[in-house]
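Undergrad: Just to be clear, the model below is a prediction. Sequence and coordinates:
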Amino acid sequence: MILKKYSPALVTGFAVAVLSLIPVFKVLACCFLVPAASFFALFFYLKINPGTEKIKFEEAMMFGLLTGVVAAIFSSALDLVLTYITRTNDLIESLPYSSKMLEEYKMGDIFKEQFKILNIMEKDIKNTGFSLYYMFMIILSNLLSFTFFGLLGGLAGMAILNKKKTNNAL
C-alpha cells in the first residue's frame, strides 16, 4: 500500500536521475528538475486518487523527501557507473583548469590541500574507474541538495495544487 501511494515520487525521482545524466540538464537537476519532479509527483498522486480533498503538509513533505532521495540515489549510482565505464567525469575534465586558477589567483594553502585530495580522486578514477572519495562526495552532495530542493518542491506543489483544488471547488 505504501509503495502504491508513493509510486509517483519513485517514478519522477528516477526520471530526474536519468535526465541528470544529460549535460544541459545536469546543471538544472538540483534547483529546477527535482522541485518540478516533486510537484509532478503530487500532481500524479491527485490524478491517481481523484477523491483526495487536499494534500496535507506531511504528505507534501514525504513526497518531496522521497522524490529527492530517489533522485539522489539513482543519479549518484548512474554517475558512478558512467565514471567506472568511461574512467572520466566532469570533475576530472575540469581539474586542470581549476588548478591553473588556483596558481593564478594564489588562493592559499587550504586550497592546495583540497587539490591533493582531488588529485588522488583523479588518479584513482583514471586508473580503476572508481574512487572512494568521489563516491562519498557525489552521494553526500546529491543527497543534501536533492532532498532539500525536493522538500521545497513538495511544499510549493502542495500550495499550488491545494489552491487550484479550492478554486475549482468554488
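TA: Yep, that arrived.
Undergrad: CA only for contacts and neighbour counts going forward, please
TA: Will do.
Undergrad: Mind telling me which residue is nearest the centre of the chain?
TA: Centroid-nearest residue in the chain, with C-alpha atoms, centre = their mean: F146, separated by 3.8 Å.
Undergrad: Quick one: residues contacting it.
TA: Listed by C-alpha atoms under 8 Å, 6 or more residues apart in numbering, the contact set of F146 reads C30, V34, G68, V69, A71, A72.
Undergrad: Most neighbours among these, which one is it?
TA: Most neighbours among these, by other C-alpha atoms under 10 Å: G68, with 36 neighbours.
Undergrad: Could you pull up the residues touching that one?
TA: G13, V34, S38, L143, F146, T147, F148, F149, G150, L151.
Undergrad: Which ones among those lie within strands?
TA: Here DSSP state E is the test, and the contacts of G68 give no hits in strands at all.
Undergrad: which two in these are spaced the farthest apart?
TA: Farthest apart among these by C-alpha to C-alpha are S38 and L143. That separation is 14.8 Å.
Undergrad: And these two? Which one has more around it.
TA: Here S38 and L143 are compared on neighbour count by other C-alpha under 10 Å; more neighbours surround S38, at 35 against 21.
Undergrad: any idea of the pLDDT on the more buried one?
TA: S38 is assigned a predicted lDDT (pLDDT) of 97.
Undergrad: I'd say it and M158 touch.
TA: No: counting by C-alpha atoms under 8 Å, M158 is not a contact partner of S38; they are 9.6 Å apart.
Undergrad: tell me the mean pLDDT for the biggest helix by length in the chain?
TA: Determined from DSSP state H, the single longest helix within the chain is helix 132-169. Averaging pLDDT along helix 132-169 yields 92.
Undergrad: Go through that helix and flag the buried ones.
TA: Buried residues in helix 132-169, defined by neighbour count with 16 or more other C-alpha atoms under 10 Å: 134, 138-139, 142-143, 145-159, 161-162.
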